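> kindly generate the corresponding structure for this input.
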Amino acid sequence: MKLSNTALLAIVASSTLVAAAPAKKREFTTVKRSDINEVLEILKDIQGLKQKREFLEGDELIALDARADNAIVDLISALFNSGIIGEIWNTLTTDTALQSTLKNLIQSAINGLIVQGPALISAIWNSGLIGNLFNTLINDADVRSSFLGVVKYIFDFALNLITGGSSTTAAAAPAPAPSAAPAAKREITELNLNGEYLDKRDVSEVVTYIYNAIKDSGIVTTLINKVLADPQQSISFLTSALQYGVVAVEDVYGWAKSSGLLDEALQYLQENGGTYIGAIASWLSGAISSGSVSASDIAAASVPSNTGATSVATTAAAAAPAAKANPTTTAGAATTAAPVPTAAATNNDAVLQSLINAYGGTPNTVATTVATAGLAGSINQLVGAANQAAGSLKKRRVY
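Here you go, the predicted model:
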């Protein structure tokens, strides 16, 4: 399919299809005393097992280590059920004495393919640093074309829904929430918990107390390794690690590229275009304005296969990221975009479902529709920016 400059730029110009990636917000969560008591009991058991360890050997030691291992799994589950696990990760990742250790653990998990690609993308998105990832991708000569191909595929699909799909009313996208600084900590040596639920001050004391107990038990390394191996639990921990500077996006990108995890991450990004299309569009508007991406770059990009992951070279080092671009938008009149392939293959179905999840619509079991009203409004902005950019290209030709 050959596109005109206007239609091509419409695919990649700025839009507000979805709000920018949300930054993690620290909010007070209602916490039950019984859930905290369960966490404390497990920590007490772990401490007891640790004290017994030095007196055992052989099969008895192996059995005790197995019990300790299971206790840590139970601890992760109890922390999650209590609702304070995010605060534990925030406290852990802001402990400067442990940041070097945590960085090494994350690197080992990514290099060893323990962390999964979807978890990595989700954590970067939740941390509000998705633009840093896009900058790094576009500045890496090995990956640039593959990334632009993913972008082209997502926008082709979205435009096809506008020009050929059914429209319903789209739900408003949530506004990004600012990330708050961690609360000041004070020394807590014991807890006095009363009542069925804890108040905000009690929760703060509980988090500090439990964190100190985990640290004093010497289980931080084992705990984090188990969390990183869990596709769901790893997201919240990696989000905190990225937010508080334990690792940078450029760090995890380099490790993921070397290990081959980046292929899986890009495939996930492609299949979940409904979640990320707005952030990609906003970032691209700045990239086009700055000249780091051009219409010819998009035209030359190959749309990825519907059945396999995007291949990424792993021998070259990742390039340094460019400064994060500021998105700009220009409103304009809508025009008809060129038709693109319909959703037939499995990968197309995944993209379609992600758009339905983002905008609302009918499941794939019925005649498929997506709530394209929000998309259609943004296409007006896409085309307006495209016309402006195309006019700028014509002026340059005159000179």
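
> from here on, just use CA atoms for contacts and neighbour counts.
Will do.

> quick one: the strands in the chain?
Per DSSP state E, the chain carries strands over the ranges 31-32, 197-198, 361-362, 369-370.

> where among the ones you listed is the average confidence lowest?
Here those differ in mean pLDDT, and the lowest is strand 369-370 at a mean of 55.

> any idea how far Ile219 is from Ala213?
Counting by CA to CA, to the nearest Å, the separation of Ile219 from Ala213 is 10 Å.

> with Ile138 instead?
Ile138 is 44 Å from Ala213, by CA to CA.

> these two: who's more crowded?
Taking neighbours as other CA atoms under 10 Å, Ile138 and Ala213 compare with Ile138 leading, 21 against 17.

> could you count how many residues lie near the residue nearest to the more buried one when sequence neighbours are not counted?
Of all residues not flanking Ile138 in the chain, Arg144 sits nearest, at 4.7 Å (CA to CA, 6 or more residues apart in numbering). Neighbour count for Arg144, taken as other CA under 10 Å: 19.

> could you do Ser290 as well?
Around Ser290 there are 12 residues (other CA under 10 Å).

> and stretch 120-138, end to end?
By CA to CA, the extent of stretch 120-138 from end to end equals 18 Å.

> only the buried residues of it, if you could.
Within stretch 120-138, the residues scored as buried using 16 or more other CA atoms under 10 Å are 120-138.

> ok, the residue nearest to Ile138 to Leu262 distance?
Per CA to CA, Arg144 is found 13 Å from Leu262.

> could you do Val252 as well?
Distance, Val252 to Leu262, by CA to CA: 10 Å.

> and these two? which has more neighbours close in?
Shown here are Val252 and Leu262; by other CA under 10 Å, Leu262 has more neighbours (29 against 22).

> could you find the closest non-adjacent residue to that one?
The spatially closest residue to Leu262, leaving aside those adjacent along the chain, is Ala256, at 5.0 Å (CA to CA, 6+ apart).

> contacts only, for that neighbour.
Neighbour list for Ala256: Ile110, Asn111, Leu262 [criterion: CA atoms under 8 Å, 6 or more residues apart in numbering].

> tell me the one among the residues you listed nearest to Ala248.
When the contacts of Ala256 are ranked by distance to Ala248 (CA to CA), Ile110 comes first, at 13.4 Å.

> Leu261 is in contact with that closest one, correct?
Yes: the pair Ile110 / Leu261 is scored as a contact, 7.4 Å apart, by CA atoms under 8 Å.

> now list whatever residues contact both of the two.
Shared contacts of Ile110 and Leu261 (CA under 8 Å, 6+ apart): Gln116.

> which residue ranges of the stretch 1-150 of the chain form helices?
5-12, 33-53, 58-82, 85-93, 99-111, 117-126, 130-138, 144-164 (DSSP state H, counting those that start in this stretch).
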